[in-house]
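**Student:** Build me a model:
(chains A and B)
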Amino acid sequence: MTVRALQQISTGRNGVGAFILQCKKMDFHYCDWAGSSKGMNGFIKSVLPKFAAAHPQIEFTVSPRPSKHPVIVAQYINGREKAICVRNMEPYEILKKAELLRDASGEKLKRTTKPVTSINESVRGIWSPYHGNGLRV
Amino acid sequence: MKRLRLDRWTGQLLVARPGPCSAATPRAALRSAAMCRCTTVRNQSTAAVPQIPQEDDYYDGTDHTRFSPLEKLPPRATSLPSPPPERALQSAKLAALHARLSLPEKVPLQTLARALVDASADENPQFNNTNLAFVGHTLINYHVGEWLMCRYPRLPMEVLYAAIKGYAGPTALHHVARSWGVEHAAAPGGEVDPGLLQFSMHKPGEAITVFGYKRAEYEGLKKHHWRHGISSRVVFDNDFGEIVHTEEEEEQMRARADTEYGNEYTRTLAEAAYATCARAVVGAIYAHTGREAAKAFIKAHILSRTLDLSRLFSFKKPTRELSLLCAREDFEPPVARLLSETGRMSRTPVFVVGIFSGKDKLGEAAAASLEHARAKAAMNALKSWYLYSPGEHVRVPSDMLAEDARPWEPAYIDIGEIIGR
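**Tutor:** Predicted coordinates:
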């Protein structure tokens, strides 16, 4: 009769049911010759195998990029990518950068001014000036 | 709700026959699968040995002395419609997807690769995801349906259909598959990475993955907008209460697909392919690890999404419906009372109207005119009736299938929606 349905699509909340790591691919670029890649080469030899084994949900590629600075490029599920130049860094500094890229959501960095951002409706409801006893002035 | 067709669930999945499947259509294949079940030996992987006649090695014209091939493709891979199953083990994308979804070890990579091949890419039902998607579709719709029915027992049927579509419809599942990081290949083929979703924009496959019947009066419904009641929708139409499309309509859309780039039709195709993939993953989990794992997966990935059901309602005559409701439930007839107001003569007046049945306040709303405030208050009262819920952690019938389930307490069942006169 009078009730009609409007169509809405459910919205996903990552981590409420299942958590999907947002970083889906990481490319490690190095140069065999240049000094700025020294740390990166050490990282690829010693640290990367362990890092890659600990993160099976990320696809890793290692490729040479001759006469350029070493770069880590991460691709995210939302279609964006982030790149960090790791020239002249030590292997463990590079690991820090790789972890930073792994934990990123892929979104552009935003300033958050509110302590909580939520799509759930407020538990207390919206304040109304027409209810309650009011304030005597 | 439609009943589950248990006999169709896994029969066709568990028999992947390398040999005599000469079915012309997937539907025929589904039917014939049960008949010749015991004729041949079952393959371990769900995909079977390719039946391609021997021919000379394919040469694509690349100078391999200058450009070494990145991956050694098996011979004749490029002539196949979809990547051969043995390549699944070498795909980094596929392994990453498997890990990202935290799929059980029992679900092999070959099956996951098969779940990524749409019927439009490979017509052979032994290699595409039609059968898996059929199982997945049934499971997803069953679990979403039972959960909504137990959790919101008073939802009107039309809103229930919209809610099921909001959770398990093609658009929602498309979003789910995208959120898994599934990417698609530009065009399907044997040389494509098996970790990419493969579907074709040009020749939509004949994938029977939905229930529903073609209505005899379809022409009249389309042309003259004949009235079709909710009961006939339950019987004839698909799981979302939508009329099943006919071939001719698809033909028209197909003709448009090649002339325009990225039109409505191609978007629908892509969306359908992603949705089918998401269903096929659920089907694969069910086929390899069973009911409980599939249910947990559906709960984690589909039911955990948010949908504000109060936004699905659209009322035409809320006040009349509310008075009918009160008459049916033996409440006192509803009366609208002005609770407070401000600025009646100003440019921005506000009236707060409450709807009372005897001494009970059924609903309340504030609006800029008395009429609007009364209608809004009636809508709020109706919504609070329709959206009654026994609780957040309500039990559903499928909970009883677990081994150590507590005895079933009957779920709350409403007598039905308010019928107008």
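
**Student:** where's the residue of the stretch 301-421 of chain B found nearest chain A relative to B:I298, distance?
**Tutor:** Using Cβ to the nearest Cβ, B:S304 is the residue of the stretch 301-421 of chain B that sits closest to chain A, at 2.7 Å. Quick note: C-beta positions are derived from backbone N, CA and C, even for glycine. If you measure B:S304 against B:I298 using Cβ to Cβ, to the nearest Å, the figure is 9 Å.

**Student:** For the two, work out which one has more neighbours and name it.
**Tutor:** B:I298 (25 against 16; other Cβ atoms under 10 Å in any protein chain shown).

**Student:** Show the model's pLDDT score for that one.
**Tutor:** With respect to pLDDT, B:I298 scores 97.

**Student:** try B:T348
**Tutor:** pLDDT, B:T348: 95.

**Student:** try B:E248
**Tutor:** 60.

**Student:** For chain B, give the helix that spans the most residues.
**Tutor:** Across chain B, the longest stretch assigned as helix under DSSP state H is helix B:264-289.

**Student:** So for that helix, what gets flagged as buried?
**Tutor:** By neighbour count with 16 or more other Cβ atoms under 10 Å in any protein chain shown, helix B:264-289 contains the buried residues B:265-266, B:268-289.

**Student:** what are the ranges of the strands in chain B?
**Tutor:** B:313-315, B:334-342, B:350-357, B:360-367 (DSSP state E).

**Student:** Let me have those strands in CSV, extended by distance to A:P66 and mean neighbour count.
**Tutor:** What follows is those, written out as CSV (distance: least, Cβ to Cβ, whole Å; neighbours: other Cβ atoms under 10 Å in any protein chain shown):
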stretch, distance to A:P66, mean neighbour count
strand B:313-315, 63, 18
strand B:334-342, 74, 15
strand B:350-357, 71, 21
strand B:360-367, 69, 18
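
**Student:** can those strands go into a markdown table with extra columns for distance to A:H55?
**Tutor:** A markdown table is the format used below for these (distance: least, Cβ to Cβ, whole Å):
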| stretch | distance to A:H55 |
| --- | --- |
| strand B:313-315 | 45 |
| strand B:334-342 | 58 |
| strand B:350-357 | 56 |
| strand B:360-367 | 52 |
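
**Student:** Quick one: those strands as JSON lines, columns for distance to chain A too.
**Tutor:** Converted to JSON lines, these look like this (distance: least, Cβ to the nearest Cβ, whole Å):
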{"stretch": "strand B:313-315", "distance to chain A": "4"}
{"stretch": "strand B:334-342", "distance to chain A": "5"}
{"stretch": "strand B:350-357", "distance to chain A": "5"}
{"stretch": "strand B:360-367", "distance to chain A": "6"}
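
**Student:** circling back to that earlier point, which helices and strands does the longest helix of chain B pack with?
**Tutor:** Judged by 3 or more Cβ pairs under 8 Å, 6 or more residues apart in numbering or on different chains; DSSP states H and E, helix B:264-289 is in contact with helix B:11-14, helix B:109-115, helix B:130-151, helix B:170-179, helix B:247-257, helix B:291-298.

**Student:** does the fourth one come close to chain A?
**Tutor:** Yes - among the residues of helix B:170-179, B:171-172, B:175-176, B:178-179 lie within reach of chain A under Cβ under 8 Å from any Cβ of the partner chain.

**Student:** Now restrict these to buried residues only.
**Tutor:** Applying 16+ other Cβ under 10 Å to the residues of helix B:170-179 next to chain A flags B:171-172, B:175-176, B:178-179 as buried.

**Student:** What residues does chain A have near chain B?
**Tutor:** A:1-14, A:16-18, A:20-21, A:24-25, A:56-61, A:77, A:119-120, A:128, A:130-131.

**Student:** switch the cut-off to 6 Å
**Tutor:** A:1-13, A:16-18, A:20, A:24, A:56-57, A:59, A:77, A:130 (Cβ under 6 Å from any Cβ of the partner chain).

**Student:** In strands only, show me these.
**Tutor:** Those of these mapping onto strands are A:3-5, A:24, A:59, per DSSP E.

**Student:** Mind giving me the PyMOL command for buried ones among the residues you listed?
**Tutor:** Buried members of these, defined by 16+ other Cβ under 10 Å, are picked up in PyMOL with:
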select buried, chain A and resi 3+5+24+59
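
**Student:** got a markdown table for the ones in strands among the residues of chain A next to chain B, with pLDDT and distance to B:Q198 too?
**Tutor:** Below are these laid out as a markdown table (pLDDT from 0 to 100; distance: Cβ to Cβ, whole Å):
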| residue | pLDDT | distance to B:Q198 |
| --- | --- | --- |
| A:V3 | 86 | 42 |
| A:R4 | 89 | 39 |
| A:A5 | 92 | 34 |
| A:K24 | 95 | 18 |
| A:E59 | 96 | 18 |
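
**Student:** Quick one: closest of the strands of chain B to A:A34.
**Tutor:** The closest of those to A:A34 is strand B:313-315. By Cβ to Cβ, the value is 64.5 Å.

**Student:** mind checking how far that closest one is from the chain centre?
**Tutor:** 23 Å (Cα atoms, centre = their mean, to the nearest Å).

**Student:** next one: stretch B:288-308
**Tutor:** On Cα atoms, centre = their mean, the centre of stretch B:288-308 falls 13 Å from that of its chain.

**Student:** same check, this time on stretch B:152-172
**Tutor:** The chain centroid and the centroid of stretch B:152-172 are separated by 11 Å under Cα atoms, centre = their mean.

**Student:** Same check on stretch B:375-392?
**Tutor:** 27 Å.

**Student:** For it, give me every contacting residue.
**Tutor:** B:151-152, B:154, B:310, B:313, B:315, B:318-319, B:322, B:353, B:355, B:362-365, B:367, B:412 (Cβ atoms under 6 Å, 6 or more residues apart in numbering or on different chains).
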